[in-house]
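Student: sequence and predicted structure are below.
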Amino acid sequence: MLRTQLNDTLKSAMLSKDSRVVSTVRLILAALKDRDIAARSRAVMDGISDDEILQMLQSMIKQRRESISLYEQGGRLELAQQEQDEIAIIERFLPQQLSEAEMTDAVSAIIAELGAGGIKDMGRVMATLKERHAGTMDFTKASALTKKLLGG
């Protein structure tokens, strides 16, 4: 489904001559192709799943946020704005993100469900979060929240 959406967006952006969207979607499709090729070594011939695509998009956003902070420190505001524009385009393909309160509820529920009692259980909690909330949660924030709730 996401593949179709990406290709349709690329086609419509090319027709409307929206160069920023065209270049960003091409970057996404190139990264997707790389992941599909890497997945073949794991005997996944149909390409990566939508959940893995969502994780890839999340990591692309994370990379751009890091670039923005570096560009702003270096006084390159035009490049920071370009990265921000790319984030907005990438976010079109992600489901609605959980709010802070919803994220807290989800982390608390999984901690209770798994019976996690300390920081040693953080890996299990994070794995379950990634399995259930791929694409809908910022896992950097979730990790910090999980650590706090587990008493770390």
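Tutor: In hand now; what should we look at? None of the values given here were measured: they were computed from a predicted structure.

Student: please count neighbours and contacts with C-alpha atoms only from this point.
Tutor: OK.

Student: ok, the residue nearest the centre of the chain - contacts?
Tutor: Nearest to the mean C-alpha position of the chain, counting by C-alpha atoms, centre = their mean, stands Q58 at 1.1 Å. Q58 sits next to 135, 138 when contact means C-alpha atoms under 8 Å, 6 or more residues apart in numbering.

Student: cutoff 7 Å now
Tutor: For Q58, the contact set (C-alpha atoms under 7 Å, 6 or more residues apart in numbering) comprises G135.

Student: so it is in which element?
Tutor: Using DSSP states H and E, the element containing Q58 is helix 50-73.

Student: domains for this protein, by residue range?
Tutor: As assigned by automatic domain parsing, the chain contains the domains 2-91, 100-149.

Student: which of these has the lowest average pLDDT?
Tutor: By mean pLDDT, the lowest-scoring of these turns out to be domain 100-149, with a mean of 87.

Student: so what's R40 closest to, chain neighbours aside?
Tutor: G47 (7.6 Å; C-alpha to C-alpha, 6 or more residues apart in numbering).

Student: quick one: the helices in the chain, in order.
Tutor: 2-15, 19-40, 50-73, 77-91, 100-114, 122-132, 139-149 (DSSP state H).

Student: count of neighbours near E83?
Tutor: Here the number of neighbours of E83 (other C-alpha atoms under 10 Å) works out to 21.

Student: typed the wrong thing, it's Q84
Tutor: 17.

Student: likewise for Q82?
Tutor: 13.

Student: distance of it from M14?
Tutor: Going from Q82 to M14 by C-alpha to C-alpha, to the nearest Å gives 19 Å.

Student: then L129?
Tutor: 37 Å.

Student: who's more crowded, these two?
Tutor: L129 (21 against 14).

Student: which ones are touching that one?
Tutor: Residues near L129 by C-alpha under 7 Å, 6+ apart: none.

Student: most remote residue from the chain's center?
Tutor: G117 (28.0 Å).

Student: does that one touch K148 like I think?
Tutor: No: between G117 and K148 there is no contact under C-alpha atoms under 7 Å: 12.0 Å.

Student: need the residues touching each of the two.
Tutor: With C-alpha under 7 Å, 6+ apart, G117 and K148 have no common neighbours.
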